[in-house]
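**Student:** coords please:
(4 chains)
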Number of protein chains: 2
Amino acid sequence: MADKILIIDDEEMTVHLLTLLLEKRSFEVIKAFSAEEGLRKAYRHQPDLVLLDIMMPDMDGWDVCKRLREMSDMPIIFITAKDDTKDVVRGLEMGADDYIVKPYDNDELIARVRAHLRRAPKPNMSEEMVFNGGEFRINFMNREVRVRNELKHLTPKEFNLLAVLVRNAGRVVPRTELVTEAWGEEYADAIDSLKLYIHYLRQKVELDAEHPDYILTSRGVGYRFANR
Amino acid sequence: MADKILIIDDEEMTVHLLTLLLEKRSFEVIKAFSAEEGLRKAYRHQPDLVLLDIMMPDMDGWDVCKRLREMSDMPIIFITAKDDTKDVVRGLEMGADDYIVKPYDNDELIARVRAHLRRAPKPNMSEEMVFNGGEFRINFMNREVRVRNELKHLTPKEFNLLAVLVRNAGRVVPRTELVTEAWGEEYADAIDSLKLYIHYLRQKVELDAEHPDYILTSRGVGYRFANR
DNA sequence: CAAACACTGTTTGAATTGCGTAACAAATGG
DNA sequence: CCATTTGTTACGCAATTCAAACAGTGTTTG
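**Tutor:** Got it, this is the predicted structure:
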């Protein structure tokens, strides 16, 4: 999934250029044209990284940085025309991760963004790499599935399908979404295959495949993984 | 306890100035005046962060960076006179965390060092990385692998491949990621070679190559080094 | 209520893919 | 020049995927 990057800057041109640059590398960009809007969108969208200007009319970047740090640990990169070393130091000591001075080089900016994303704690690491629903455990990291402590061997397509169901546990996932998420866009109309793979999964995972406990049907819509 | 910083640079003056600067802020400094010495001391002292020059007589900084990354996740900061953007990008994409161009500002350098230390996980590289209850030992410094106390000789490509697997122990590493990480971007579609080298590794490392204990296949996805 | 219909589940067997291995050729390096 | 390392191709075998037909079961409709 594409990383979400929030840009906070009151200069429309800067935001525009950054957006083009980032979207070309298939990042997902969220734009904010004031400090206040930036904080609101940071809260709402939970970006993976923030690019932050310092001089803005309503509130300065320092305060935004402080407020962002209060809510999350995401990487923050100042990107500004203020090239005084004092400011660089101040930004970094304030909890920012990097400080880039305009005019910046496009490739370098991308490389720095990537470097910080690489380091950042990925939410789907460790904890969320494992789903632990009582007698049903799935480890996304090593692609192992255990039911009632028994290791079940799944094929790649079986695992991917189950993974999507489990990630959306409790919610009915529409058939089309299910197959495209699990196997790719080109499977958008493979609902016949879907029936088959649901069948395979139930055989391997359910105690009684005819009365499934986990993989439930939502007639006319899709399937749902029971939560607890 | 004070953070340990390893400086690798063949110019004595640079090392000296950096040492003064860092020790004044009560960091613990380890000095290395060549690439080889740097690797050895990185291995021995397990620094919390590395400051690395690029141009050195015995081995260039890129290779040092690669070798350091094989053994640990510690932050690496290039600090060099090469100010070409191409080099900055190359350094960052290679796994370094920052790239500082000489002449640098003292306060900014300190601020950047602190910023990276703040983010980085404490190194847990042990004298010898040990897996599987001591049956499997891999020494990144002298690139030795021992299985059941037997020394196994691996070729460079074999070792690099194994290193990537071991550093991701427990996680299925997709085939493409495996080859690019181990051998470089240009191997992105060398999945045929991958099969071959997996074969070689298993011949050398596994008790029974047909029923591997360590190097496990995840059909259709990649390979995984067993943990525990 | 019963017949037609729509949707989901199941079976089967065949086609395809992927992995491991072998054999061998080429390149590398002391 | 020889030994080691790396790279290419091919093939058997098994796992996986796929297509198609069929069998249930619930739903709509006259």
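
**Student:** and the gap between residue A:8 and residue A:66?
**Tutor:** Using CB to CB, to the nearest Å, one gets 13 Å for the distance from residue A:8 to residue A:66. Any C-beta I mention is one placed from the backbone N, CA and C, and that applies to glycine too.

**Student:** Specify which residue of those two has the higher count of neighbours.
**Tutor:** Legend: neighbour count by other CB atoms under 10 Å in any protein chain shown for residue A:8 and residue A:66, higher for residue A:8 (29 against 11).

**Student:** Could you find the closest non-adjacent residue to the more buried one?
**Tutor:** For residue A:8, ignoring the flanking residues on the chain, the nearest one in space by CB to CB, 6 or more residues apart in numbering or on different chains is residue A:38 at 3.3 Å.

**Student:** That neighbour and residue A:25, how far apart?
**Tutor:** Residue A:38 is 22 Å from residue A:25, by CB to CB.

**Student:** out of these two, which sits in the more crowded spot?
**Tutor:** Neighbours per residue (other CB under 10 Å) separate residue A:38 from residue A:25, with residue A:38 holding more: 30 against 13.

**Student:** one step back: hang on, the residue nearest to residue A:8 in a strand?
**Tutor:** No: using DSSP: H, G, I helix; E, B strand; the rest coil, the secondary structure at residue A:38 is helix, not a strand.

**Student:** I'd say it and residue A:65 touch.
**Tutor:** No: between residue A:38 and residue A:65 there is no contact under CB atoms under 8 Å: 10.3 Å.

**Student:** Give me the common contacts of the two.
**Tutor:** residue A:52 (CB atoms under 8 Å, 6 or more residues apart in numbering or on different chains).

**Student:** Show me what from chain A comes close to chain B.
**Tutor:** A:75, A:85-86, A:88-89, A:92-93, A:95-98, A:105, A:107-108, A:110-112, A:114-115, A:118-120, A:141-143, A:155-156 (CB under 8 Å from any CB of the partner chain).

**Student:** Mind checking which of these are in strands?
**Tutor:** Mapping these onto strands (DSSP state E) picks out residue A:98.

**Student:** Among the residues of chain A next to chain B, name the buried ones.
**Tutor:** For these, a burial check counting by 16 or more other CB atoms under 10 Å in any protein chain shown picks out A:75, A:88-89, A:92, A:96-98, A:107-108, A:110-112, A:114-115, A:119-120, A:141-143.

**Student:** Can you spell out the domain ranges of chain A, please?
**Tutor:** A:4-119, A:128-225 (automatic domain parsing).

**Student:** Can I get these in JSON lines including mean pLDDT?
**Tutor:** Shown next, in JSON lines, are the domains of chain A (pLDDT from 0 to 100):
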{"stretch": "domain A:4-119", "mean pLDDT": "95"}
{"stretch": "domain A:128-225", "mean pLDDT": "92"}
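
**Student:** So which of the ones you listed is the most surrounded?
**Tutor:** Highest mean neighbour count among those (mean count of other CB atoms under 10 Å in any protein chain shown): domain A:4-119, with a mean of 18.

**Student:** Run the chain-centre distance for that one.
**Tutor:** How far domain A:4-119 lies from its chain's middle: 18 Å, per CA atoms, centre = their mean, to the nearest Å.

**Student:** First-to-last residue distance for that domain?
**Tutor:** 15 Å (CA to CA, to the nearest Å).

**Student:** At the contact with DNA strand C, which residues of chain A appear?
**Tutor:** Neighbours of DNA strand C within chain A, by CB under 7 Å from any atom of the strand: A:191, A:195-196, A:198-199, A:202, A:209-210, A:217, A:219-221.

**Student:** Could you pick out which of those residues are located in helices?
**Tutor:** Of those, the ones assigned to helices by DSSP state H are A:191, A:195-196, A:198-199, A:202.

**Student:** Between these, which sits nearest DNA strand D?
**Tutor:** Proximity of those to DNA strand D (CB to the nearest atom of the strand) peaks at residue A:196, which lies at 5.5 Å.
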